[in-house]
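Asker: predicted model and sequence follow; I will ask about them next.
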Amino acid sequence: MQETLVAALRAREGFSERSSVRTWLTGILKHKIVDAIRQRQRQPVFMATLDGETDLGEFDPLFKDNGAWEAPPAEWGDPENALSRQEFMGVMELCLERLPPNTARAFMMREVMELETAEICKELAITANNLWVILYRARMALRQCLEQNWFMDPSRHRGGG
Amino acid sequence: MFRRLTHMLSCKEASRLLSQAQDRPLALGERVKLRLHLVACTACTRFARQLAFVRTALSRYRT
């Protein structure tokens, strides 16, 4: 594990293309997930903090009492343009790191490892409903973070980028 | 049954269904209600596009 990390860091020093950044980051993310699963097999770390991460609660700060958006999603223009920018992928990584750990794990299993929800539920010993709540939370948080730190951040758009 | 089908979704409910649509096939009634909501709601239509974008962006980390 340590050797892989050293190799990944070494590779990072010499990266010149976006694709090598992605490869590097994917490696790190996958190792984190694998670590998490191994840890869980030794002790149920996932369950320990699950409650706080799946509680939809009566109060959801993103919505008003009548279920309308508190702050409606902003217009992002053509977000696909951002994908070719290294700074954007950096912002996304920071946003992912802000997710609660169990949420991030489940989310990465779904979106990066492309596991079916049934597999994730089995692996993490949670119900489908729990998982849907976790994934919903992850998407809401990531969407909001990208909006605040990229799409609605005027400093990112100098020169019309 | 009729009342359940025509119950208008709130944005909160619509956003949850849009997220779940990425993880499971929605039932017919859910799809109908969601479609009706999206026709009338610019904010949720934006949200739906942004969710799709988030998935595309994360697919960049796949090897």
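Answerer: Nice, thanks for sending it over.

Asker: count the residues that sit near A:Ala141.
Answerer: A:Ala141 sits with 19 neighbouring residues when counted by other C-beta atoms under 10 Å in any protein chain shown. C-beta: built from backbone N, CA, C; applies to glycine.

Asker: for it, list the residues it contacts.
Answerer: A:Cys95, A:Arg98, A:Leu99, A:Thr103 (C-beta atoms under 8 Å, 6 or more residues apart in numbering or on different chains).

Asker: packing partners for the helix or strand that B:Thr56 is a member of?
Answerer: Per DSSP states H and E: B:Thr56 is located in helix B:42-59. Applying 3 or more C-beta pairs under 8 Å, 6 or more residues apart in numbering or on different chains; DSSP states H and E, we find helix B:42-59 packed against helix A:101-111, helix A:128-146, helix B:11-20, helix B:28-40.

Asker: ok and it relative to helix B:11-20, angle-wise?
Answerer: Interaxial angle of helix B:42-59 relative to helix B:11-20 (axes from the mean of the first three to the mean of the last three C-alpha atoms, to 10 degrees): 30 degrees.

Asker: which residues touch helix B:42-59?
Answerer: Everything outside helix B:42-59 that qualifies as a contact, by C-beta under 8 Å, 6+ apart, is A:69, A:72-76, A:79-80, A:82-83, A:92, A:111-112, A:139, A:142-143, A:146-147, B:11, B:14-15, B:18-19, B:22, B:37-38.

Asker: if any of these are buried, put those into a ChimeraX selection.
Answerer: Per 16 or more other C-beta atoms under 10 Å in any protein chain shown, the buried members of the contacts of helix B:42-59 correspond to this ChimeraX selection:
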select /A:69,73,76,79,82,92,111,112,139,142,143,146,147 /B:11,14,15,18,19,22,37,38
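
Asker: quick check, A:Arg143 in contact with A:Pro73.
Answerer: Yes - using C-beta atoms under 8 Å as the test, A:Arg143 is close enough to A:Pro73 to be in contact (7.1 Å).

Asker: can you list the residues of chain B near chain A?
Answerer: Proximity of chain B to chain A, by C-beta under 8 Å from any C-beta of the partner chain, involves residues B:10-13, B:15-16, B:19-20, B:22-24, B:42-43, B:46-47, B:49-51, B:53-63.

Asker: filter those residues to the buried ones?
Answerer: Looks like the residues of chain B next to chain A have B:10-13, B:15-16, B:19-20, B:22, B:43, B:46-47, B:50-51, B:53-54, B:57-58, B:60-61 buried, using 16+ other C-beta under 10 Å.

Asker: any stretches of chain B with poor pLDDT?
Answerer: Counting by pLDDT under 70, chain B has low-confidence residues at B:1-6.

Asker: before we move on, the earlier item: make TSV from the contacts of A:Ala141 and add pLDDT, secondary structure and neighbour count to it.
Answerer: What follows is the contacts of A:Ala141, written out as TSV (pLDDT from 0 to 100; DSSP: H, G, I helix; E, B strand; the rest coil; neighbours: other C-beta atoms under 10 Å in any protein chain shown):
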residue	pLDDT	secondary structure	neighbour count
A:Cys95	91	helix	20
A:Arg98	88	coil	12
A:Leu99	89	coil	20
A:Thr103	89	helix	24
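
Asker: now tabulate the helices and strands packed on helix B:42-59 in CSV and tack on distance to A:Glu119.
Answerer: Conversion of those to CSV gives the following (distance: least, C-beta to C-beta, whole Å):
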stretch, distance to A:Glu119
helix A:101-111, 8
helix A:128-146, 10
helix B:11-20, 17
helix B:28-40, 23
